[in-house]
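K.L.:
for reference, the sequence and a predicted model appear below.
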Amino acid sequence: MKRFLVLMVVLVGFGAWGAVTTFPAVENMARSTLTAELTGSAVAIAVADGSVFPAAGAFYVVVFTNPSAGYEVVLCDSVAGNTITVNASGRGAQGTSAATWASGAYVQQSWTAGEVEGIYAAINAIEGGTNELAGVDLPDDGRLLFGDGDDIQMGWDGTYLELLDADDNVFLELADAGGAGTFRLVDSLSVGAEDGTRGTLRALGGATSSGGRLLIDNAADSDSTINQWSLESISGVLKVSMDATPLTTWTDSTGAVAFPYGSVTVGTYDSVRGTLTLYANSSTSSPGIVFDVPPNYDATTNAYRLTTGSGDFQIANQASALTSWDDVTGDVTFETDLVQGVNSRNRMRNLWIPASEFVSLAGTPALSSVSMGTGGRFAEWSMDPASDEDVSALVALSDYDGGAIKVKLVWAASSGNVVWNVICGSIAEGEAAAGSTVNAVTDTAASATLFNFAYLTFTPDVATDLDLLISIIVRRDADNGSDTLATDAYFFGVLIYY
């Protein structure tokens, strides 16, 4: 019964693509009489009451005096008042003959054989596949039902064309957004058959795009611009992107995978261990991970590699192995010197030289001791404010491997600025002590019971030395205009970093 009702709605309301069937207008009990003679060629029919006939659309009438004595079927275009306008070829329709009818003859809208045959033809055309339905004009929330138990329903909710199951659950929506159709699968999409036959899901590029794209969006902001993931193929590269920014790319010619942003995580946040496995291919016996730095990204310049091959694991630069682990013996080989520690030269050492290790060199500095608050009493050199005074010491730096040496000078005074000079020089066998460039710093004292630190840097004139011997001269540059302290300054020693 449901199928029959749908078919009748289609026939009466919609017609068909291609040959569209138009059915005549009808009215119940539409019958009147002629008020003037109707000749055989007349195209206007004068009736006593034109209001009983269809107000719009073409329709058929039958003219007769006595049905058994004959009748004429006439196709009419319209009615205005009490005058019916006949179609140009409407007289003698459906196999009847045009005749002259006297005033008083009956004019009646009747169910004719031609109308029934038109319905039959339309039905047969649909059943035989000659015509396709032109379209279904459903109201909002209207439904088309398929299957004996309404297994699948098609409906329109005012915004989307929907496919629903028998329980009214929506599983597919189709919207027309500015001429670009958009599908939304509410649940999931399966490609292929349940028997394991492989299916193919394709995203093809268009006239303005060189590759297809699949978008994965957040339902809360499904505007395809915010928090949107995409999978697309462009010019031979498959990209995973977030808001149009590529995060991962695969190159089809080399198979290379790139992560332009972020990091790769193996395992889960609940501490379940993950495994990242690298396999060699037919052209290499050493799979590896390459660490590169901008702007090169060519895996050859300023690049480092973790690689394995021929029974060992290696850390290598772009040219050769730097460190190797033998997988049988466990031996570790360092291709260059092993250096421990951290700083700009990969290690840091320090050496404290107290005031008591210095001797007077120029002027009349005095070596004594002074209390610094409640923390103790320490040896110090008192440096005069009237003239320059120098103290010096000889220091050995073991395992010096080159680079700058930093000096922290420890001193105290009541209040004011003091200009300190540190003069250092390296000493080799057969050489006398000789100072190098004067390194000067102006520092400000806060209190006689508070330590102050003044920092200076110098570079010895030798590259490396296992036991570097240097001379250090500490001077108060009292006659420098920037030295404003009018009392003695107390020098406690230097801390050397190398």
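P.N.:
That came through fine. Numbers count the residues shown, from 1 in each chain.

K.L.:
what helix or strand is residue 153 on?
P.N.:
Per DSSP states H and E, residue 153 falls inside strand 152-156.

K.L.:
give the next helix or strand downstream of that strand.
P.N.:
Sequence-wise, the next helix or strand downstream of strand 152-156 (DSSP H and E) is strand 161-165.

K.L.:
that following strand pairs with which strands, and in what direction?
P.N.:
The pairing partners recorded for strand 161-165 under DSSP bridges are strand 152-156 (antiparallel), strand 170-177 (antiparallel).

K.L.:
now the first one: average pLDDT?
P.N.:
In this case it means strand 152-156. Per-region confidence: strand 152-156 scores 77 on mean pLDDT.

K.L.:
over to the last one?
P.N.:
Mean pLDDT, taken over the full extent of strand 170-177, equals 66.

K.L.:
so for the strand holding residue 153, what gets flagged as buried?
P.N.:
By 16 or more other C-beta atoms under 10 Å, the buried positions in strand 152-156 come out as 153, 154, 155, 156. Placement of C-beta: from N, CA and C, glycine included.

K.L.:
would you mind giving the domain segments of this structure?
P.N.:
Listed domain ranges for the chain are 31-108, 143-184, 213-258, 288-334, 350-497 (source: automatic domain parsing).

K.L.:
nearest to residue 384 among the buried residues of strand 152-156?
P.N.:
Of all those, residue 156 has the smallest distance to residue 384: 101.3 Å, by C-beta to C-beta.

K.L.:
now the closest one: how far from residue 173?
P.N.:
Residue 156 is 11 Å from residue 173, where distance means C-beta to C-beta, to the nearest Å.

K.L.:
overlap in contacts, those two.
P.N.:
residue 162 (C-beta atoms under 8 Å, 6 or more residues apart in numbering).

K.L.:
any chance of CSV for the domains of the chain, columns distance to residue 126?
P.N.:
Output for the domains of the chain, formatted as CSV (distance: least, C-beta to C-beta, whole Å):
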stretch, distance to residue 126
domain 31-108, 22
domain 143-184, 15
domain 213-258, 38
domain 288-334, 64
domain 350-497, 93
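
K.L.:
out of these, nearest to residue 119?
P.N.:
Taking C-beta to C-beta, domain 31-108 is the member of the domains of the chain nearest to residue 119, at 13.5 Å.

K.L.:
average pLDDT for the closest one?
P.N.:
The average pLDDT within domain 31-108 is 94.

K.L.:
look at that domain and report the distance between its end residues.
P.N.:
End-to-end span of domain 31-108 (C-alpha to C-alpha, to the nearest Å): 4 Å.

K.L.:
tell me which helix or strand residue 307 sits in.
P.N.:
Assessed by DSSP H and E, residue 307 sits inside strand 304-309.

K.L.:
again with residue 385
P.N.:
Residue 385 is part of no helix or strand when elements are defined by DSSP H and E.

K.L.:
that one - how many residues pack around it?
P.N.:
Residue crowding around residue 385 was assessed by other C-beta atoms under 10 Å; the count is 18.

K.L.:
same deal with residue 473?
P.N.:
Neighbours of residue 473 (other C-beta under 10 Å): 19.

K.L.:
biggest helix in this structure, by residue count?
P.N.:
Looking across the chain with DSSP state H, the single longest helix is helix 113-127.

K.L.:
dump the strand holding residue 153 to PDB, restricted to CA.
P.N.:
Below are the C-alpha coordinates for strand 152-156, written out as PDB (Å, rounded to 0.1, in the frame of the first residue of the first chain):
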ATOM      1  CA  ILE A 152      15.800   3.300   4.800                       C
ATOM      2  CA  GLN A 153      14.100   6.700   4.800                       C
ATOM      3  CA  MET A 154      15.000   9.800   2.800                       C
ATOM      4  CA  GLY A 155      13.900  13.200   4.100                       C
ATOM      5  CA  TRP A 156      14.500  16.900   4.100                       C
END
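
K.L.:
and residue 23, how many neighbours?
P.N.:
The burial count for residue 23: 14, using other C-beta under 10 Å.

K.L.:
is it part of a helix or strand, or is it coil?
P.N.:
Secondary structure, DSSP: H, G, I helix; E, B strand; the rest coil: residue 23 is coil.

K.L.:
quick revisit: could you list the paired strands of the strand holding residue 307 along with their orientation?
P.N.:
strand 288-291 (antiparallel), strand 312-317 (antiparallel).

K.L.:
want to try JSON lines for those strands, with mean neighbour count as columns?
P.N.:
Shown next, in JSON lines, are the strands paired with strand 304-309 (neighbours: other C-beta atoms under 10 Å):
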{"stretch": "strand 288-291", "mean neighbour count": "14"}
{"stretch": "strand 312-317", "mean neighbour count": "17"}
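
K.L.:
out of those strands, which gets nearest to residue 384?
P.N.:
Nearest to residue 384 among those is strand 312-317; the distance by C-beta to C-beta comes to 56.0 Å.

K.L.:
what's the next secondary structure element after the closest one?
P.N.:
Downstream of strand 312-317, the next assigned helix or strand under DSSP H and E is strand 321-326.

K.L.:
can you give me the strands for the stretch 51-200 of the chain?
P.N.:
59-64, 71-80, 83-86, 106-108, 132-133, 143-146, 152-156, 161-165, 170-177, 180-185 (DSSP state E, counting those that start in this stretch).

K.L.:
out of those, which is closest to residue 31?
P.N.:
Residue 31 lies closest, by C-beta to C-beta, to one member of the strands of the stretch 51-200 of the chain: strand 106-108, at 4.3 Å.

K.L.:
right, and residue 409 touches residue 422 too?
P.N.:
Yes: applying C-beta atoms under 8 Å as the test, residue 409 and residue 422 come out as touching, 6.6 Å apart.

K.L.:
hey, what's in contact with both of those two?
P.N.:
Residues within reach of residue 409 and of residue 422 at once, by C-beta under 8 Å, 6+ apart, are 441, 456, 474, 494.

K.L.:
ranked by average pLDDT, which of the strands paired with strand 304-309 falls at the bottom?
P.N.:
When these are ranked by mean pLDDT, strand 288-291 comes last with a mean of 70.

K.L.:
where does the stretch 351-498 of the chain dip in pLDDT?
P.N.:
Confidence mapping of the stretch 351-498 of the chain against pLDDT under 70 gives the ranges 430-436, 462-466.

K.L.:
what segments of it are strands?
P.N.:
Counting by DSSP E, counting those that start in this stretch, the segments of the stretch 351-498 of the chain that form strands are 359-362, 366-371, 377-383, 389-400, 405-412, 416-427, 438-445, 452-458, 465-476, 489-497.

K.L.:
got JSON lines for the ones you listed, with distance to residue 323 too?
P.N.:
Shown next, in JSON lines, are the strands of the stretch 351-498 of the chain (distance: least, C-beta to C-beta, whole Å):
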{"stretch": "strand 359-362", "distance to residue 323": "47"}
{"stretch": "strand 366-371", "distance to residue 323": "50"}
{"stretch": "strand 377-383", "distance to residue 323": "46"}
{"stretch": "strand 389-400", "distance to residue 323": "21"}
{"stretch": "strand 405-412", "distance to residue 323": "29"}
{"stretch": "strand 416-427", "distance to residue 323": "32"}
{"stretch": "strand 438-445", "distance to residue 323": "38"}
{"stretch": "strand 452-458", "distance to residue 323": "32"}
{"stretch": "strand 465-476", "distance to residue 323": "23"}
{"stretch": "strand 489-497", "distance to residue 323": "27"}
